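Novice: Have a look; sequence and predicted model below, questions after that.
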Amino acid sequence: MIEIKYGKRKVMNYRGARMVVGGLTAKNKVDILLYISKELANISNREELFQRVITLADEIFEPDNVTLRLAESTGLEPVAFLKETDPPRRPVKPGEGYSGTVFEKKESMLLLDLENYPEYLDNGETTRSVICVPISTKDEVFGTLAVEKDISAFYKKDDQEILESMASQLGLALVNVKLIQGLIDAREKQEKIQDQLEWDLRMGRNVQSQIIPTEIVPWNSISFSSYYEPMVEVSGDYYNVLRRADNLSVLIADVSGHGVPAALVTMALHYHFKTCVDQGLGLVESLEEISRASRPILPEGVYFTAQIIRIYADHSFSYVNAGHHKLVHYHYDVDSISELDTPGLPIGFVDFNRATYEEKFGNLSAGDILLMLTDGFSEQRDKNGVEITSEQILQWLSEEIHYQRDIDGTAHAKDIFASLIRRWKSAVGGNLIEDDLTMLIAQVSPSHNEAVSLYKEAKSLSGNDNTKEALTKAIEAYSLDSSLKDNLLLLSRLYYRDSKLDDAARYLKEFIEISGEQNPQAHFMLGSILFRCDNFFEAKREFKKSLSIDHTMSKA
């Protein structure tokens, strides 16, 4: 509420003319102008600004009405007023009425008696005295502001100057509100974009999580442990383990950069790696095919390192490297660690040249470990700001293996792996990770030799129709190594021979899952056993799998 005191204005007849007395004095004028400036300076909301202008005009000018119009595509729209009129206000065009005329000419009007200006009145209007001023800045006219009185000669020149000042302040405030609203709109738009981006990234991570194995089933005495942590929602690291009946293939890759572009490349890697394995391609051939298929979709400047390992049923293995971190081999029987590497550039640097890549070979014994990782582990800074090196990781690996072997005389990869990750995290402390992280460890069961020996005994006993003793030996072998695929198949046959069909089905299922066997005969046999167990739903599914592998399986 305005606190400046001044007398109420009155209109008097003096010497045959009407004139206003009272109201604002010259002394009041300066105070009023300062007050208006203060009131309008800090308003950042358009509706609040308009309402404050109407209230100020009502307090200062004692009007019957106040009308604020802004230029829109439809004309000068009444956006705020003291009270509704009869007839209601309507939009006016530039040059129409006193508001349109003021807007068009960009000049104020003080009309003492509108009866003398009928062109400015609509039918039924009661307004007689009006001040109408343009709302403008130096460069732009936004609209008009009018104070209206039903008494003629109610306003004077001082009132016009004050209203012009108010309109000028309103123009500046409108610019400020536009800027602020623009910033608010931009921020809201940015927040919407950010929300959409975060949603897209979450969806991307959900999709990517479907192609990254979280738990890897053991294969023929080889067990796995893995650690995977994206730096952001999605990752440029990728790994996968694909099994066939007689071998198992592992790919680990690290795409340069982070986030969505790198993650999209991993999606392509997933598809192309699976295609190569399904087609039975060799390791260098697989790299060549992955390179051929990936190069056209790689963003400018993006490349990836890769390492492929293939482990065979007799635990011999081969590997090829494309600029990736060296493969680590821990030899359990002689307690030593070696790093394995082959020549080869990252994929995407240059055109693929098969002659520059080499496939090398090795053998795994009981207890042996293969360690694969991306350079996010070896290039991370610890809590002291010092880079963790490959040598440091190998030292930790050696210490954890020795610690485990000292405790119980053996060392299991699962325990070693968990301890190694804990040591790495302890060294990093609270530092943010600087790259995507992937580590994968594979170990031949330390009990492999003993389990194989028991399996051979069970097989020999089975051949002599000594089912009971054969089962005893096979179960003992299973307790030592539950992923020895030949033993699983033997257990299924022995239980089938003993008419224990549920157990026969159980071990045949495990054999199919662990071995990666895509033999139509295996699925057909499982379907037949399940059918005899009255498990018709699963039996039907296995028969369909058998037919999908070999459509000539008429028995299915």
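Specialist: On my side now, so go ahead. Numbering: from 1, shown residues only.

Novice: Okay, domains of the protein per the record?
Specialist: 7-181, 211-446, 449-549 (automatic domain parsing).

Novice: Any idea how far apart the tips of the shortest one sit?
Specialist: The first and final residues of domain 449-549 sit 34 Å from each other (Cα to Cα, to the nearest Å).

Novice: and residue 189, that one's in a helix?
Specialist: Yes: according to DSSP: H, G, I helix; E, B strand; the rest coil, residue 189 belongs to a helix.

Novice: What distance do you get for it to residue 196?
Specialist: 10 Å (Cβ to Cβ, to the nearest Å). C-beta coordinates here come from the backbone N, C-alpha and C atoms, glycine included.

Novice: now do residue 266
Specialist: For residue 266, the distance to residue 196 - Cβ to Cβ - is 22 Å.

Novice: of these two, who's got more company?
Specialist: Each of residue 266 and residue 196 has its neighbours counted (other Cβ atoms under 10 Å); residue 266 has more, 23 against 10.

Novice: residue contacts, the nearest residue to that one once chain neighbours are set aside?
Specialist: Distances taken as Cβ to Cβ, 6 or more residues apart in numbering put residue 238 closest to residue 266, at 3.9 Å, once the chain neighbours are dropped. The contact partners of residue 238, by Cβ atoms under 8 Å, 6 or more residues apart in numbering, come to 211, 212, 251, 252, 253, 254, 255, 266, 269, 270, 438.

Novice: Max pairwise distance over the residues you listed: which two?
Specialist: Maximum pairwise distance in those, criterion Cβ to Cβ, is 15.4 Å, between 211 and 254.

Novice: Count the neighbours of the nearest residue to residue 315 once chain neighbours are set aside for me.
Specialist: Nearest non-adjacent residue to residue 315, counting by Cβ to Cβ, 6+ apart: residue 364, 4.2 Å away. Residue 364 has 23 neighbours, counted by other Cβ under 10 Å.

Novice: Let's test this: what are the backbone torsions at residue 364?
Specialist: Taking degrees, to the nearest 10, you get phi -110, psi 140 for the backbone angles of residue 364.

Novice: Hmm, it is touching residue 444, no?
Specialist: Yes: the pair residue 364 / residue 444 is scored as a contact, 4.9 Å apart, by Cβ atoms under 8 Å.

Novice: Which neighbours do these two have in common?
Specialist: 222, 315.

Novice: among the contacts of residue 238, who's most crowded?
Specialist: residue 255 (30 neighbours).

Novice: so who does that residue touch?
Specialist: 236, 237, 238, 262, 263, 265, 266, 269, 302, 303, 304.

Novice: Okay, and which of the contacts of residue 238 map to strands?
Specialist: 251, 252, 253, 254, 255, 438 (DSSP state E).

Novice: So which of these is the closest to residue 469?
Specialist: residue 251 (43.1 Å).

Novice: Please report how far that closest one lies from residue 274.
Specialist: According to Cβ to Cβ, residue 251 and residue 274 sit 9 Å apart.

Novice: what packs against the helix or strand harbouring residue 193?
Specialist: Assigned by DSSP states H and E, residue 193 belongs to helix 157-209. Judged by 3 or more Cβ pairs under 8 Å, 6 or more residues apart in numbering; DSSP states H and E, helix 157-209 is in contact with helix 26-41, helix 46-61, strand 109-111, strand 129-136, strand 141-149, helix 259-278.

Novice: okay if I get these as JSON lines plus distance to residue 348 and mean pLDDT?
Specialist: What follows is the helices and strands packed on helix 157-209, written out as JSON lines (distance: least, Cβ to Cβ, whole Å; pLDDT from 0 to 100):
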{"stretch": "helix 26-41", "distance to residue 348": "59", "mean pLDDT": "73"}
{"stretch": "helix 46-61", "distance to residue 348": "53", "mean pLDDT": "88"}
{"stretch": "strand 109-111", "distance to residue 348": "73", "mean pLDDT": "94"}
{"stretch": "strand 129-136", "distance to residue 348": "60", "mean pLDDT": "94"}
{"stretch": "strand 141-149", "distance to residue 348": "56", "mean pLDDT": "93"}
{"stretch": "helix 259-278", "distance to residue 348": "9", "mean pLDDT": "89"}
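
Novice: Serialize these to a markdown table and add fields for distance to residue 123.
Specialist: Supplementary listing: those in a markdown table, determined by distance: least, Cβ to Cβ, whole Å:
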| stretch | distance to residue 123 |
| --- | --- |
| helix 26-41 | 34 |
| helix 46-61 | 25 |
| strand 109-111 | 18 |
| strand 129-136 | 17 |
| strand 141-149 | 16 |
| helix 259-278 | 65 |
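
Novice: In stretch 338-352, which residues are buried?
Specialist: Neighbour-count burial for stretch 338-352, with 16 or more other Cβ atoms under 10 Å as criterion, is recorded at 340, 342, 344, 345, 346, 347, 348, 352.

Novice: Pull the residues that contact that stretch.
Specialist: Under Cβ under 8 Å, 6+ apart, the answer for stretch 338-352 is 256, 287-288, 290-292, 294-295, 298, 302-306, 319-324, 326-329, 331, 356-360, 362, 394.

Novice: Just the ones of those residues in helices?
Specialist: Counted as lying in helices by DSSP state H, out of the contacts of stretch 338-352, are 287, 288, 290, 291, 292, 294, 394.

Novice: Quick check: the farthest pair among the residues you listed?
Specialist: Every pair of the ones in helices among the contacts of stretch 338-352 checked by Cβ to Cβ; the farthest is 292 and 394, at 34.5 Å.

Novice: who has more neighbours, those two?
Specialist: In terms of neighbours (other Cβ under 10 Å), residue 394 is the more surrounded of residue 292 and residue 394; the figures are 17 against 13.

Novice: any idea how far residue 534 is from residue 543?
Specialist: 15 Å.

Novice: what residues are up against the residue nearest to residue 315?
Specialist: By Cβ under 8 Å, 6+ apart, the neighbours of residue 364 are 222, 311, 315, 316, 317, 370, 444.

Novice: returning to that earlier point: which of the residues in the next helix or strand after the helix holding residue 193 are buried?
Specialist: Under the assignment DSSP H and E, the closest C-terminal helix or strand after helix 157-209 is strand 222-229. Buried residues in strand 222-229, defined by neighbour count with 16+ other Cβ under 10 Å: 222, 223, 224, 225, 226, 227, 228.
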